[in-house]
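# Sequence and predicted structure below; questions after.
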Amino acid sequence: MVDKNSTMERAVGRRKTAVARVRLTKGTGVIVINGKPVNEYFPITFWEEKVWAPLIAVGKEKDMDITVRVLGGGTNSQAEAVRHGIARVLVKWNEELKPVLKAEGFLTRDSRARERKKFGQHRARRGHQWRKR
């Protein structure tokens, strides 16, 4: 178990092709993503709530400063990658938070990704339309 008084922890969160590198330090509850505040980087509150969810679940939203570098994927995937990274860094910081985060499903990496297009088809599974004549 990592000491609760440690100054910094790092973790990586992933979703589809989005990768979020998360750094956690003790602070006042500020989340900065790619140099911007969370509400500026994710302007829609749905995405912002996804990012804050693990911190709110463990009651640490006012105690931690989080800095994130996220790349790849779309906006929704980036928000979920950040959420995954924050949950993982919280568990690294304090192992006792694991049952709460696991019960909420924040520690499970969503492995779903886009299926590749197959030759002889329009898309991954969509074949040619049948024509009688």
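Thanks, I have the structure now.
# what does the model give Ser6 for pLDDT?
Note on Ser6: pLDDT of 61.
# The stretch of helix or strand Trp47 belongs to packs against which elements?
Using DSSP states H and E, the element containing Trp47 is helix 45-58. When contacts are defined as 3 or more Cβ pairs under 8 Å, 6 or more residues apart in numbering; DSSP states H and E, helix 45-58 sits against strand 31-33, helix 38-41, helix 75-93, helix 98-104. Yep, even glycine has a C-beta here, placed from its N, CA and C like the rest.
# quick one: contacts of the second one?
To tie it back to what came earlier, the one meant is helix 38-41. For helix 38-41, the external contacting residues (Cβ atoms under 8 Å, 6 or more residues apart in numbering) are 31-34, 48, 51-52.
# And the last one, by the same measure?
Residues lying outside helix 98-104 but in contact with it, judged by Cβ under 8 Å, 6+ apart, are 53-54, 57-58, 87, 90-91, 107-108.
# For the residue nearest the centre of the chain, give me its contacts.
Nearest to the geometric centre of the chain sits Ala81, at 2.2 Å (Cα atoms, centre = their mean). Residues near Ala81 by Cβ under 8 Å, 6+ apart: 13-15, 18-20, 70, 73.
# Keep only those of those residues that are in helices.
The helices, defined by DSSP state H, take in nothing from the contacts of Ala81.
# which stretches of this structure have low pLDDT?
Judged against pLDDT under 70, the low-scoring parts of the chain cover residues 1-6.
# if we can go back for a sec, present the contacts of helix 38-41 as JSON lines; the columns should include neighbour count.
Formatted as JSON lines, these follow (neighbours: other Cβ atoms under 10 Å):
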{"residue": "Ile31", "neighbour count": "23"}
{"residue": "Val32", "neighbour count": "16"}
{"residue": "Ile33", "neighbour count": "22"}
{"residue": "Asn34", "neighbour count": "13"}
{"residue": "Glu48", "neighbour count": "18"}
{"residue": "Val51", "neighbour count": "25"}
{"residue": "Trp52", "neighbour count": "19"}
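# All good on my end, thank you.
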